[in-house]
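> quick one: sequence plus predicted model below, questions after.
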Amino acid sequence: MTQNMLSSLAERTEALGTKVSTATVVMGFDAFVDESLRIVGGRTSPESYQPIPTIGDFGAWASAAAGRSGSREFVCEDVVAGGCSVNCGDGIASMGFQLRSFAGVGSPAHAAFEGFAKKCAAVESLGMEPGRALVTEFDDGKLMFCSFSHFAKFKPDYLRVQMANGCFRSICKQAQGIALTSWSVYPYMTDCWKYLIEEELAGISQRPHLFFDLADPASRSPQDIVAMIEMLGRFEEIGRVSLSLNGNEANRLASALGIPTADESASEQERLCVALRERASISEASIHLVKGASLATTDTVATVEGPVCRKPKKSVGAGDRFNAGYLAGLILDLSPAERLALGAASSGFFVRHARSASWGELTAFIRKWGEGALDKQNPSTELNHEISR
């Protein structure tokens, strides 16, 4: 986006602050406890070490151990709340939206979710324990090793019991946005979507924005993906559906659906957005990459380059913060390019500060982005990713 466009966006976001504080967002259902790890490459003392810098370096070490054995020290830097629903929700709640989270945070909630819960209008646990993720960060990406086999009990009958008090339906009837995340980690989520469409969300009249982030579908079969896409289109009966994917996820869906995959050029990303949107029969599809994002609506395509970041403080959850900004743009009725830029700014703030932005901080970030002043805040770091890992 040009400097004038970003300046205009900053003015719009500043003016929309009061609308943010009165908008209700519902989000579910995944929650993880993330252990953030660094793999030690070498120690200079008992108190200091150099991490293995890249995934390639780690892979070379692991390959060299084949047929023999290998051992590496890791350092657990933090234990934090995670999962697409929680991370995206943290972004939305930090902006000031009234977030009602329905997520498997445990009963009682795991201590890792205490800070998240304080930001939310309410958190409902749905009676399920969180998953667990071991997250190893490198200079060029991250590797995540996740445990969530108990998510297999997440079925329509389970949801019917957990939602019997009517709270989910009642809040959804008031919501401007409803986000459902991490289809990929729930074996029976397509069936659960059918239940939501036909029972919990049936008859809702305000036509909210329905936002979907699938998470990496690498473990799901092409048949699962086709069935999911068919069910996704049915949510258009309830509201306006937006599907958000990273580049890897988009190409996996394309392969399963018989659509040509895309390289990282803007024209190819826009083509794939159009094809996925049309195949799913939904209102909107977007793809976010490392340095930019594209979308297709029923009548528009757009691409925005993200603000460059120099060696991020944190990358895990950056894509979820992009989704938070993008969803905020949908709720606030921003233009396609503006909501892509808002998503990029939300992610850009997060990777620089290792936390989600408030609405005021997001507005200030967009203004500095337009002025070309972001790099001046981080002069000593190296060029790295921006929008998403």
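Cool, got the structure. Residues are numbered from 1 along each chain as shown.
> what sits against the residue sitting nearest the centre point of the chain?
Nearest residue to the geometric centre of the chain (CA atoms, centre = their mean): residue 320, 2.4 Å. For residue 320, the contacting residues are 84, 87-88, 90-91, 213, by CB atoms under 8 Å, 6 or more residues apart in numbering. Any C-beta I mention is one placed from the backbone N, CA and C, and that applies to glycine too.
> what of residue 74?
Contacts of residue 74 (CB under 8 Å, 6+ apart): 37-40, 136.
> ok so, going back, report the buried members of the contacts of residue 320.
84, 87-88, 90-91, 213 (16 or more other CB atoms under 10 Å).
> pick out the most distant pair among those.
Using CB to CB, these span at most 13.8 Å, a distance reached by 90 and 213.
> I would like the residues contacting stretch 14-22, please.
So stretch 14-22 is contacted by 95-98, 328, 332, 359-360, 363 (CB under 8 Å, 6+ apart).
> filter those residues down to the buried ones and hand me the PyMOL line.
Typed into PyMOL, the line below selects the buried ones among the contacts of stretch 14-22, using 16+ other CB under 10 Å:
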select buried, resi 95+96+97+98+328+332+359+363
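> from the contacts of stretch 14-22, which ones fall inside helices?
Among those, the residues falling in helices (DSSP state H) are 95, 328, 359-360, 363.
> three-state assignment of residue 204?
Reduced to three states with DSSP: H, G, I helix; E, B strand; the rest coil, the structure at residue 204 is coil.
> neighbours around it, how many?
17 (other CB atoms under 10 Å).
> relative to residue 196, how far out is it?
10 Å (CB to CB, to the nearest Å).
> now for the spatially closest residue to residue 90 that is not a sequence neighbour: which residues touch it?
Distances taken as CB to CB, 6 or more residues apart in numbering put residue 356 closest to residue 90, at 5.2 Å, once the chain neighbours are dropped. Residues in contact with residue 356 (CB under 8 Å, 6+ apart) are 90-91, 93-95, 321, 324, 346, 349-350.
> ok so, going back, identify the farthest-apart pair in the contacts of stretch 14-22.
98 and 363 (19.1 Å).
> show me where the stretch 101-250 of the chain has its helices.
Along the stretch 101-250 of the chain, counting by DSSP state H, counting those that start in this stretch, helices occupy 114-119, 156-162, 167-172, 189-195, 222-234, 247-257.
> make CSV from these and add distance to residue 131 to it.
What follows is these, written out as CSV (distance: least, CB to CB, whole Å):
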stretch, distance to residue 131
helix 114-119, 15
helix 156-162, 16
helix 167-172, 21
helix 189-195, 14
helix 222-234, 19
helix 247-257, 18
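> tabulate those helices (a markdown table), appending mean neighbour count and mean pLDDT.
Formatted as a markdown table, the helices of the stretch 101-250 of the chain follow (neighbours: other CB atoms under 10 Å; pLDDT from 0 to 100):
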| stretch | mean neighbour count | mean pLDDT |
| --- | --- | --- |
| helix 114-119 | 15 | 97 |
| helix 156-162 | 16 | 96 |
| helix 167-172 | 17 | 97 |
| helix 189-195 | 20 | 98 |
| helix 222-234 | 17 | 98 |
| helix 247-257 | 19 | 98 |
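> show residues contacting stretch 49-63.
38-44, 70, 72-73, 75, 136, 138-141, 143.
> just the buried members of those residues?
38-39, 136, 138-139.
> for those, could you give me JSON lines that also reports pLDDT and distance to residue 340?
Converted to JSON lines, the buried ones among the contacts of stretch 49-63 look like this (pLDDT from 0 to 100; distance: CB to CB, whole Å):
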{"residue": "38", "pLDDT": "93", "distance to residue 340": "32"}
{"residue": "39", "pLDDT": "95", "distance to residue 340": "34"}
{"residue": "136", "pLDDT": "92", "distance to residue 340": "29"}
{"residue": "138", "pLDDT": "89", "distance to residue 340": "27"}
{"residue": "139", "pLDDT": "84", "distance to residue 340": "26"}
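> which single one of the residues you listed is nearest to residue 182?
Once CB to CB is applied, the member of the buried ones among the contacts of stretch 49-63 that ends up nearest residue 182 is residue 136, at 19.8 Å.
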